[in-house]
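Q: got a sequence here, can you build the structure:
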Amino acid sequence: RIAAQTAKQVIIQKIKEAEKNIIYNDFKDKEGDLINGYLQRKTKDAIFVDLGKTEGILPAREQSPLEHFKTGDRIKALVLAVDKNTKGPAVKLSRVHPKFVHKLFEMEIPEVYDGIVKIVNIVREPGLRTKVAVTSERDDIDSVGACVGMKGIRIQSIVRELEGEKIDVVEYTSDRKVMAANALTPARVKEVIETKDGGVIAVVEKDQYKLAIGKQGHNARLSTRLCGFDIDIKTEELYREFLSSSESRAMVEQLFAQKDVEETP
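A: You can find the predicted model right below:
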């Protein structure tokens, strides 16, 4: 009887382990994909989401400040990572990762899903703004227009999913000047000047300066990250002062250079 009882426990243990492995492999294959679930319970540090076969964890740092869920609410999230633990697979979810936005674009915009429109880069400050650079190899396709949709209907469905977060979709180009001007949307840029250190200076009119910088500087930060190089935003007045000070520095450097040449025996 003892031997039979032991054998039974071993078999039950093996079955449980096999079930855990099946669930783990199932969710491991879904890493990087969107998944739907229902809010089961909330704590201060995380939301626990019922995914059917197992429970997902949406940590507070992976939630947007704009989001407020109640028990039973349907939640769409990105499967960020799946790890093994003693209780079964630990499914970590995210709603702030740039790939979450990428997957939403694939879901809502057929041209992105089919690869006709390619997303080059996504930068995001959750709760404030997201910037998406898109391009298309086909001349007959307006990549920005395809993402925005007729009267903005396509982008609005993504905005609603992000609880009203602002999304700027801009045309990607290898021309640094044009790319910087595009990235600073919604601000209008008057002129872009390349600098010696590889960055650019974006000159805007006075009424566009605050818009270009953004709330707490978020628009300027996101634009720099989207482009991959520094963007120094100046008004026309600030740019004139910068030019005059640069000319003064250049004259001083020239005088010192001449003096060094004269003193050299």
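Q: verify the assumption that E19 is located in a helix.
A: Yes. Assessed by DSSP: H, G, I helix; E, B strand; the rest coil, E19 belongs to a helix.
Q: next, count neighbours for I141.
A: 13 (other C-beta atoms under 10 Å). C-beta coordinates here come from the backbone N, C-alpha and C atoms, glycine included.
Q: for C147, see how far away it is.
A: 11 Å (C-beta to C-beta, to the nearest Å).
Q: again with I23
A: Taking C-beta to C-beta, one finds I23 at 36 Å from C147.
Q: more crowded one of these two?
A: C147 (23 against 18).
Q: tell me the pLDDT at the more buried one?
A: The model reports C147 with a pLDDT of 94.
Q: with R249 instead?
A: 54.
Q: again, but for K53
A: For K53, pLDDT reads 83.
Q: ok, now N21?
A: So, for N21, pLDDT stands at 83.
Q: now the strands for the stretch 1-150 of the chain?
A: 34-42, 46-50, 55-59, 74-85, 88-94, 117-125, 129-136 (DSSP state E, counting those that start in this stretch).
Q: circling back: and for I141 and C147, which residues touch both?
A: Common neighbours of I141 and C147 are listed as 111, 117 (criterion: C-beta atoms under 8 Å, 6 or more residues apart in numbering).
Q: burial count for A90?
A: Counted by other C-beta under 10 Å, the residues lying close to A90 total 17.
Q: per-residue confidence for it?
A: For A90, pLDDT reads 86.
Q: distance of it relative to E17?
A: 16 Å.
Q: repeat that for K103.
A: From K103 to E17 the distance is 32 Å (C-beta to C-beta).
Q: who's more crowded, the two?
A: When neighbours are counted by other C-beta under 10 Å, K103 and E17 differ, and K103 comes out ahead with 20 against 11.
Q: got the residue ranges for the helices in the protein?
A: 2-28, 98-108, 110-113, 143-148, 153-161, 176-183, 206-213, 218-227, 236-263 (DSSP state H).
Q: so which elements touch the shortest one?
A: Okay, so that is helix 110-113. helix 98-108, strand 117-125, helix 143-148 (3 or more C-beta pairs under 8 Å, 6 or more residues apart in numbering; DSSP states H and E).
Q: redo that, cut-off 7 Å
A: Counting contacts by 3 or more C-beta pairs under 7 Å, 6 or more residues apart in numbering; DSSP states H and E, helix 110-113 packs against helix 98-108.
Q: tell me the buried residues in the helix it packs on?
A: Judged by neighbour count (16 or more other C-beta atoms under 10 Å), helix 98-108 contains these buried residues: 98, 100-106, 108.
Q: any chance of JSON lines for those, columns pLDDT?
A: Listed next are those as JSON lines, based on pLDDT from 0 to 100:
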{"residue": "P98", "pLDDT": "94"}
{"residue": "F100", "pLDDT": "96"}
{"residue": "V101", "pLDDT": "96"}
{"residue": "H102", "pLDDT": "96"}
{"residue": "K103", "pLDDT": "95"}
{"residue": "L104", "pLDDT": "95"}
{"residue": "F105", "pLDDT": "96"}
{"residue": "E106", "pLDDT": "94"}
{"residue": "E108", "pLDDT": "93"}
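Q: that'll do, ta.
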